[in-house]
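[1] below are the sequence and a predicted model for it; my questions follow.
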Amino acid sequence: MAPPSATADYAAPLAAPSAERITAKISRWIETYSGDRLIKGASVLTLVGLWYFGAFMLPSSVMPAPHVVVGVLWQEVTAGPIWRDVAITLTRIALAFSTAMSIAIVLGFAMGLSKRAEHFFDVWVVGGITVPSLVLILTIFMIIGLNEKAAIIAAALPVIPILTINIWEGIKGVDQKLIDMSRAFHARQSRIILSVIAPQIAPTLMASARFGLGLIWKMTLFVELLGRSDGVGYKIEFYYQMFNMSEVLAHALLFLFIMLFLEIVVLGKLEARLFRWRPTRRKL
């Protein structure tokens, strides 16, 4: 028998530690995330079970079972026309969210950095939160008309005061000592905002963005239901008028999946990357 080659003699000791490291990493990953995944899986199964329970207690015309709704959704997805309404609604959400977030950031920074701006816009913000969203939407439709511009403004307007308060409160929580130290070194106002204030309120901005996205898509569906002839909101209202709850829930379920993808995968991954310095687990 031929003696083992020198290459094999050196490769074996090198391969073993590598395999051990990979196994250790896999073990740590399973230990870290398996519990969280089990909890999330149990949560989803609980929701599905509650849905089945509701379908058992109520007539099928009122509460169809999950497998019935999934079957209808599959037919809609494979047929294709539903994607046109989804694209229209997502476009409105993107425009309304960009509008609301931009205005809220400007107002929030102005109110947090200037007492005069705070006193001036305070009544506006509180009034915007107090007035019902339905009144704001109908007022926008009456002023501008039942068109695309009105739909975007009507979806963004009720959300602006809520996001403004979040950003405003975040700026008020900024460490004043750091600002005073920056001014002692004769830093410009723009530099203080970018280098001192912005990093401290970045978590608040991210939380506001995630919260605002959830509010915007609800407002967009509501606006489509009231004043548009296309989009997911219009389809939900149309099938509701036809007493077809399977189609209503199928359209809502598809859009829920899309928004969960944007919330968990897109914004969630972005937040994890931006704030990877924060501990993933906290012990109290």
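    On my side now, so go ahead. Numbers count the residues shown, from 1 in each chain.
[2] so the residue lying closest to Ile82 once chain neighbours are set aside versus Tyr239, what's the distance?
    In this structure, Ile82 finds its nearest non-sequential neighbour in Glu76, 4.4 Å apart by Cβ to Cβ, 6 or more residues apart in numbering. Just so you know, the C-beta spots here come from the backbone N, C-alpha and C atoms, and that holds for glycine as well. As judged by Cβ to Cβ, to the nearest Å, Glu76 and Tyr239 stand 11 Å apart.
[3] what's the overlap in contacts for the two?
    Residues touching both Glu76 and Tyr239 by Cβ atoms under 8 Å, 6 or more residues apart in numbering: Glu247, His251.
[4] still on that earlier bit, count of neighbours near the residue nearest to Ile82?
    18 (other Cβ atoms under 10 Å).
[5] next, the distance between the ends of stretch 182-195.
    9 Å (Cα to Cα, to the nearest Å).
[6] which residues are in contact with that stretch?
    Contacts of stretch 182-195 (Cβ under 8 Å, 6+ apart): Phe109, Leu113, Ile179, Val196.
[7] pick the one among these closest to Met206.
    Phe109 (15.6 Å; Cβ to Cβ).
[8] so what's that closest one scoring on pLDDT?
    Looking at Phe109, its pLDDT is 86.
[9] what helix or strand is it located in?
    helix 82-113 (DSSP states H and E).
[10] just Ser208 next, same as before
    Ser208 belongs to helix 198-227, assigned by DSSP H and E.
[11] what packs against that helix?
    helix 82-113, helix 133-144, helix 148-156, helix 160-172, helix 232-241, helix 245-260, helix 268-274 (3 or more Cβ pairs under 8 Å, 6 or more residues apart in numbering; DSSP states H and E).
[12] let's see that with 10 Å instead.
    helix 82-113, helix 133-144, helix 148-156, helix 160-172, helix 176-184, helix 232-241, helix 245-260, helix 268-274 (3 or more Cβ pairs under 10 Å, 6 or more residues apart in numbering; DSSP states H and E).
[13] least confident of the ones you listed, on average?
    With a mean of 72, helix 268-274 has the lowest mean pLDDT of the helices and strands packed on helix 198-227.
[14] any buried residues in it, and which?
    Glu271 (16 or more other Cβ atoms under 10 Å).
[15] what comes into contact with it?
    Ala202, Pro203, Leu205, Met206, Ala207, Ala209, Arg210, Leu260, Phe261, Leu262, Arg278, Thr280 (Cβ atoms under 10 Å, 6 or more residues apart in numbering).
[16] any idea of the pLDDT on the third one?
    Translated: Leu205. Looking at Leu205, its pLDDT is 83.
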